[in-house]
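K.L.:
Build me a model:
(chains A and B)
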Amino acid sequence: DAGVTQTPRHEVAEKGQTIILKCEPVSGHNDLFWYRQTKIQGLELLSYFRSKSLMEDGGAFKDRFKAEMLNSSFSTLKIQPTEPKDSAVYLCASSFGTYQAPLFGEGTRLSVL
Amino acid sequence: QQQVRQSPQSLTVWEGETAILNCSYENSAFDYFPWYQQFPGEGPALLISILSVSDKKEDGRFTIFFNKREKKLSLHIADSQPGDSATYFCAASLPGTGSNRLTFGKGTKFSLIP
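P.N.:
Residues are numbered from 1 along each chain as shown, chains lettered A, B, ... in the order given. Okay, here's the model as predicted:
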């Protein structure tokens, strides 16, 4: 069974650039989550979709971060413009049903110079 | 305010020992608690989970003990093996709302004494 697929695995951007990270959830899953992971802050929720509808948009991330779910099998996270403090691992996860722990992708490691 | 706390930040034990990783939470409405294991360069992977109606859950060498009154839980790793070296995250959710949205602790980095 295919798991959650994230591309690219690594991204290097210059300050001020626009970058787009991609995620393909597990087929049939209707919950999709974007998290940011850093050593200091740990795992922080950026966005949460249920059946393609945006349920939660992490308050602190609203201004430069935008997640979209174009269809049930594809989501993007756009960061515009990027700043060095955005350097982190970005994780996508999906789940279906209640009491089902989300399944995570391997993440995209972003470095902003 | 951090809703899920983990301790210690890092833990090192001898091979074969039992390791205990602790977790506590603020919101008494949390009712589902998955633990994730993460290796460097990989995403977190579900290890074991427990519902708030239970006080214990076992899966091989891994056991969760849950104390609802004190809002605490712990993950016990019996007979620790080198392959267990990883970061472990405690998480909590409110599935009663129909959501699997997780609140995570900051993790415990676990390793074995070489």
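
K.L.:
where does chain A dip in pLDDT?
P.N.:
Counting by pLDDT under 70, chain A has low-confidence residues at A:1, A:61.

K.L.:
What residues does it have near chain B?
P.N.:
A:4, A:31, A:33, A:42-43, A:45, A:48, A:50, A:55-56, A:91, A:93, A:95, A:98-107 (CB under 8 Å from any CB of the partner chain). C-betas here are computed from N, CA, C, even on glycine.

K.L.:
Got the phi and psi for the residue most central in space within chain A?
P.N.:
Compute the mean C-alpha point of chain A, and by CA atoms, centre = their mean the closest residue is residue A:34, 3.2 Å away. Residue A:34 adopts backbone torsions of phi -120, psi 130, taken as degrees, to the nearest 10.

K.L.:
dump the residue contacts of it.
P.N.:
A:23, A:45-48, A:67, A:75, A:77, A:90-92 (CB atoms under 8 Å, 6 or more residues apart in numbering or on different chains).

K.L.:
Highest neighbour count among those residues?
P.N.:
residue A:92 (30 neighbours; other CB atoms under 10 Å in any protein chain shown).

K.L.:
Roughly how far does that one sit from residue B:47?
P.N.:
19 Å (CB to CB, to the nearest Å).

K.L.:
Over to residue B:113?
P.N.:
Distance from residue B:113 to residue B:47, by CB to CB: 22 Å.

K.L.:
Please report how far residue B:38 lies from residue A:80.
P.N.:
In terms of CB to CB, residue B:38 sits 28 Å off from residue A:80.

K.L.:
where's residue A:32, which helix or strand?
P.N.:
Secondary structure from DSSP states H and E places residue A:32 in strand A:31-38.

K.L.:
Can you report how many residues neighbour the closest residue to residue A:71 other than its chain neighbours?
P.N.:
For residue A:71, ignoring the flanking residues on the chain, the nearest one in space by CB to CB, 6 or more residues apart in numbering or on different chains is residue A:52 at 7.2 Å. Around residue A:52 there are 13 other residues, counting by other CB under 10 Å.

K.L.:
what sits against residue A:52?
P.N.:
Taking CB under 8 Å, 6+ apart as the test, what residue A:52 contacts is A:69, A:71-72.

K.L.:
Looking at the residues of chain A next to chain B, which are in strands?
P.N.:
If you go by DSSP state E, the residues of chain A next to chain B have A:31, A:33, A:42-43, A:45, A:48, A:50, A:55-56, A:91, A:93, A:95, A:103-104 in strands.

K.L.:
Filter those residues down to the buried ones.
P.N.:
A:31, A:33, A:42-43, A:45, A:48, A:50, A:91, A:93, A:95, A:103-104 (16 or more other CB atoms under 10 Å in any protein chain shown).

K.L.:
Reformat those residues as TSV; add distance to residue A:63.
P.N.:
Formatted as TSV, these follow (distance: CB to CB, whole Å):
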residue	distance to residue A:63
A:31	25
A:33	20
A:42	21
A:43	21
A:45	16
A:48	18
A:50	23
A:91	21
A:93	23
A:95	28
A:103	29
A:104	26
